[in-house]
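Participant: Generate a structure from the sequence data that follows.
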Amino acid sequence: SPPPGPPPLWLKTDSSSLGAGTLKDDDKVYHYYAAYLVKFIENYRVKGIEIEYLTLQNEPGHGGCGSMPCMILTPEQENRLAHHVQSELQRKNSTTKLLAYDHNFGSSNLEIALQTTTWMIL
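Facilitator: The predicted model follows:
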């Protein structure tokens, strides 16, 4: 499935959708973004397309985004967001599953992330 893209700018620490920023440190922001992501899934379902898996961040080991639309999440932020999204998916009786640490094969900082972070697979 196509990624939903970065969140609405009012949820980010940076006022640009290009190359910077993260989610604001506020549970309401995480809740709103989780609802936004689940709405993305629901809108595809209405069109007859089931989203089987959702990743919360594409290529987290990449680092920066340059001039591309993106948002960087730390492993802790991604875990926090996963809890909110999972709650929203359950509330909507969705069967969509979440993927953690969606990164390319090959070298990345996955080993470091696995050693320093408690990851949750939902």
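Participant: In contact with residue 25, which residues are there?
Facilitator: Contacts for residue 25 (C-beta atoms under 8 Å, 6 or more residues apart in numbering) come out as none. Quick note: C-beta positions are derived from backbone N, CA and C, even for glycine.
Participant: Wait, a strand at it?
Facilitator: No - secondary structure assignment (DSSP: H, G, I helix; E, B strand; the rest coil) places residue 25 in coil, not in a strand.
Participant: Can you give the contact residues for the one helix or strand residue 44 maps to?
Facilitator: Using DSSP states H and E, residue 44 falls within helix 27-46. With C-beta under 8 Å, 6+ apart as the test, helix 27-46 has contacts from 1, 4, 7-8, 11, 23, 50-51, 54, 56, 80-81, 84-85, 87-89, 92, 94, 96.
Participant: so how far is residue 14 from the spatially most distant residue from the centre of the chain?
Facilitator: Relative to the centre of the chain, the most outlying C-alpha is that of residue 48, 22.8 Å out, by C-alpha atoms, centre = their mean. Taking C-beta to C-beta, to the nearest Å as the measure, residue 48 falls 36 Å from residue 14.
Participant: coming back round to it: please check the contacts of helix 27-46 and keep the buried ones.
Facilitator: When the contacts of helix 27-46 are checked for burial by 16 or more other C-beta atoms under 10 Å, the buried set is 4, 7, 11, 23, 51, 54, 56, 80-81, 84-85, 88-89, 94, 96.
Participant: just to revisit the earlier point, show me what the helix or strand following the helix holding residue 44 is packed up against.
Facilitator: Using DSSP H and E, the next helix or strand after helix 27-46 towards the C-terminus is strand 53-55. For strand 53-55, the packing partners by 3 or more C-beta pairs under 8 Å, 6 or more residues apart in numbering; DSSP states H and E come out as strand 97-99.
Participant: Can you point out the buried residues in the helix holding residue 44?
Facilitator: 29-30, 32-34, 37-38, 40-41, 44.
Participant: So, low pLDDT: which residues of the protein?
Facilitator: 1-4, 19, 58-64, 101-122 (pLDDT under 70).
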